[in-house]
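Engineer: Following is a predicted model, sequence given first.
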Amino acid sequence: MKFPTKLIGLITFTSLSLSTAVFARPVRTNPVPKHQGICHNSVSNEINELVKDTVVKNKIPGLTVSVSKNGRMVCNKSYGYANWEEKTPMTPRSRSQIGSVSKVIVTAGMMKLVEQGQVSLQTPIYGTNGILKGTAYQKAMRQGTRRYRPIIDMAIGKNNRVFTWYFDGKVTQGSSDDLEKYSQPQSFTVPPGQSFNSIIAIAKGGSQNRVYAWYDDGSYSIGTPTDLDAFEYKKKKKKGGFKGYRIPRENQRDNIVGIGMDTNQEITYTWYHDGTVSSGSVTNLKSRWTKKYTTPGNSSRRYNIVGTAVSGNNVKLPWYSDKKASKGSATNLSSIKGLYDYQRRNIEGSISSWLNEYNKVQVRHLLSHTSGLTRSGKAPQAAIKYNKSFDKYTNPLPYKFSHLYVLSTRKRLFAPGSRYQYSNHGIGLVGFLIKQISGDSYDIFLKKHILNPIGLGNVIARRTVINPNLDANPHSLSRGKIVTKKIPTKNHPGSAAGSLKATAGDLVRFMLATDKLPNHKDILKPETIDLMESRPFPNNAPNVAHGWHIKCKDSACNQSKLSHNGKTGGGTAYMVKFKNYQLSNIDVSGINVAIATNSGSVNTGKLSKLAHDIARKLGTANIPENYDLLNVET
């Protein structure tokens, strides 16, 4: 389909208010009138062409672009439409959703608390000396640990022998009440790139009585009890090929508590935390049906399921973390036999040692995605578990319950500081901790201590309504066409992991306030900025600082690029700052670039490329040292 030519023709440079309400300056002798979005004339045309090419090729309805060099803003423009449907022009002051770019600003909020002496980066999150001391957290940790340790899952073969896989890499054969009755533990292997921790569920069955394993990245394998991919490993691919096994939309993979398979045909039964069970195939776990199920006693027992299986006579068996089991149907797990005892291997210290790892999680682990907590907290699932009313627009769930849900139902993937894995929930938890420490919700704290002091009062949470005329509508692509969405109109901040709205100019202004240069006021002390931009675990997580992704060109990381991207349903953003850095042999040191679009369908890699291309143009440009859009006076 030919892309609409209106966007090609319209590159709108609309008015930018540079009043002291937006950019605070210590001395102002004359009122500052509105200015059109501008760049220094040495780079203006080249940046226009770069942006125009990106906008057209990626069908972006509107965006803002801002650039600084050596502590001075040298470009601040808008392109396209804030509302594609109504053809409302995008202005440099048009806010859009910046998604996970919010994490850098939230991290600055926590660094302010560090600077104030209210917390340190080494402060533990849990335990006697931790920030979250309540017994509810300890109880949730224990429930989650017992759910995944020491058993990974069970399965039943045609002879009704129960196979049990343990997190220490051993598998046993036994009966439903004595899990190692028929064999001593044997070692088992997983596919390349997978681990014992990445296994979601294991089942045995089908016409060839093989073992099927499903993994948390959407892949699955077919093998034997001791070699899980002996016959096939179907790896999920990001582009083309297998897209991963499917589950009901309202669930996610780590909501699965167990999968069983018919012993004669490849029909699967999958049970979830929320009280639903689906039946389907190996690649589509929901293709036959989805229903409700019950457990013996009350519904809370479903959160204690450690494994499930289907016997030769089609009986469904769940095992629970309190060493109880039951027998029943897919929808009533105790309809045949109520709770009875079972015996399993006793792996000394397995639960207590894993619980102790929680007490080692510190503030710095959350800020660098090295805590072992992963993915996003799921408020709808947490509301079900804790029986709380919930509506994401009118009645948001307190983050405490989202965190308790994560602790009680998910694996912590690794020892704190031992490796990196991106975690929305980790930064969402940082927002919650800011409130526990300061008494203010994270968005209010940011307003007081980070945003307002540098004139960024218009940076707000995306579900907050303040001066809606400044908001660009969110957009998406549907079958190649741009679709305009409504601006959310409910007032609550959402998760700290990705809920802010801002312009590219706001993001550059933030970077100027953390550059240690005298041109503009900094929001943190120089030593705090250095700490924020340092790598806490350079050996185990070399590409992450506190809040930032970082790329170092030397071992001491004196030549570095700090960046972050963000993507939501209605916006995509990217910002980058170069420190003593070269791109294609062009010196781009001291250059900051930010891009904020009002479309959630933009590939973040395209924005990264645009930002790098713009930085190269700035690197060779001759811009006077006194040129600064934040100092414009007429």
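Structural biologist: Ah, there it is. Residues are numbered from 1 along each chain as shown.
Engineer: in the stretch 501-634 of the chain, which spans are strands?
Structural biologist: For the stretch 501-634 of the chain, the strands defined by DSSP state E, counting those that start in this stretch occupy 549-552, 560-568, 571-579, 582-583, 586-587, 591-597.
Engineer: Hey, what's the angle from the helix or strand in which A108 is found to strand 571-579? Just curious.
Structural biologist: Assignment of secondary structure by DSSP states H and E places A108 within helix 102-115. Per axes from the mean of the first three to the mean of the last three Cα atoms, to 10 degrees, the angle that helix 102-115 makes with strand 571-579 is 50 degrees.
Engineer: Send over the next helix or strand after helix 102-115 as PDB, restricted to the C-alpha atoms.
Structural biologist: Following helix 102-115 in sequence order, the next helix or strand is helix 135-148 (DSSP H and E). Below are the C-alpha coordinates for helix 135-148, written out as PDB (Å, rounded to 0.1, in the frame of the first residue of the first chain):
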ATOM      1  CA  THR A 135       5.900 -11.000  57.400                       C
ATOM      2  CA  ALA A 136       3.700 -11.000  54.300                       C
ATOM      3  CA  TYR A 137       6.800 -10.800  52.100                       C
ATOM      4  CA  GLN A 138       8.500 -13.700  53.900                       C
ATOM      5  CA  LYS A 139       5.400 -15.800  53.600                       C
ATOM      6  CA  ALA A 140       5.200 -15.000  49.900                       C
ATOM      7  CA  MET A 141       8.900 -15.900  49.300                       C
ATOM      8  CA  ARG A 142       8.400 -19.200  51.100                       C
ATOM      9  CA  GLN A 143       5.300 -20.100  49.000                       C
ATOM     10  CA  GLY A 144       7.100 -19.300  45.800                       C
ATOM     11  CA  THR A 145      10.300 -21.100  46.800                       C
ATOM     12  CA  ARG A 146       8.400 -24.300  47.800                       C
ATOM     13  CA  ARG A 147       6.400 -24.100  44.500                       C
ATOM     14  CA  TYR A 148       9.600 -24.400  42.500                       C
END
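Engineer: Remind me what helix 135-148 packs against, helices and strands.
Structural biologist: Judged by 3 or more Cβ pairs under 8 Å, 6 or more residues apart in numbering; DSSP states H and E, the packing partners of helix 135-148 are strand 305-310, helix 350-358, helix 399-409. Placement of C-beta: from N, CA and C, glycine included.
Engineer: quick one on the thing from earlier: and the contacts of the helix holding A108?
Structural biologist: 119-121, 363, 367, 427, 430-431, 433-434, 437-438, 442, 445-446, 449-451, 459, 496-500, 510, 514, 523-525, 528, 531-532, 546-548, 564, 566, 575 (Cβ atoms under 8 Å, 6 or more residues apart in numbering).
Engineer: Of these, grab the buried ones for PyMOL.
Structural biologist: In PyMOL syntax, the buried subset of the contacts of helix 102-115 is picked out as below (16 or more other Cβ atoms under 10 Å):
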select buried, resi 119+121+363+367+427+430+431+433+434+437+438+442+445+446+449+450+451+459+496+497+498+499+500+510+514+523+524+528+531+532+546+547+548+564+566+575
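Engineer: List the neighbouring strands of the longest strand anywhere in the chain plus their orientation.
Structural biologist: Counting by DSSP state E, the longest strand found in the chain is strand 72-83. Strand 72-83 has its sheet partners listed here by DSSP bridges as strand 38-39 (antiparallel), strand 62-69 (antiparallel), strand 88-89 (antiparallel).
Engineer: Ok, which of the ones you listed comes nearest G193?
Structural biologist: Closest approach to G193 among these is made by strand 62-69 (36.3 Å; Cβ to Cβ).
Engineer: and the closest one, how far from the chain's centre?
Structural biologist: Mean C-alpha position of strand 62-69 versus that of the full chain (Cα atoms, centre = their mean, to the nearest Å) differs by 25 Å.
Engineer: For that strand, C-alpha coordinates in CSV please.
Structural biologist: C-alpha atoms of strand 62-69 as CSV (Å, rounded to 0.1, in the frame of the first residue of the first chain):
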residue,chain,number,x,y,z
GLY,A,62,4.2,12.1,14.8
LEU,A,63,7.4,12.6,16.8
THR,A,64,9.6,15.1,18.6
VAL,A,65,13.4,15.2,18.2
SER,A,66,15.8,17.0,20.4
VAL,A,67,19.6,17.2,20.4
SER,A,68,22.3,18.8,22.7
LYS,A,69,26.0,19.2,22.3
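Engineer: Could you list the buried residues of that strand?
Structural biologist: Buried positions in strand 62-69, judged by neighbour count with 16+ other Cβ under 10 Å: 62-69.
Engineer: For the stretch 451-600 of the chain, give me the ranges with low pLDDT.
Structural biologist: Applying pLDDT under 70 to the stretch 451-600 of the chain flags residues 462-466, 468, 490-493.
Engineer: Can you list the residue ranges for helices in it?
Structural biologist: 504-512, 526-532 (DSSP state H, counting those that start in this stretch).
Engineer: Between the ones you listed, which one is closest to V43.
Structural biologist: Of all the helices of the stretch 451-600 of the chain, helix 504-512 sits nearest to V43, with 14.6 Å by Cβ to Cβ.
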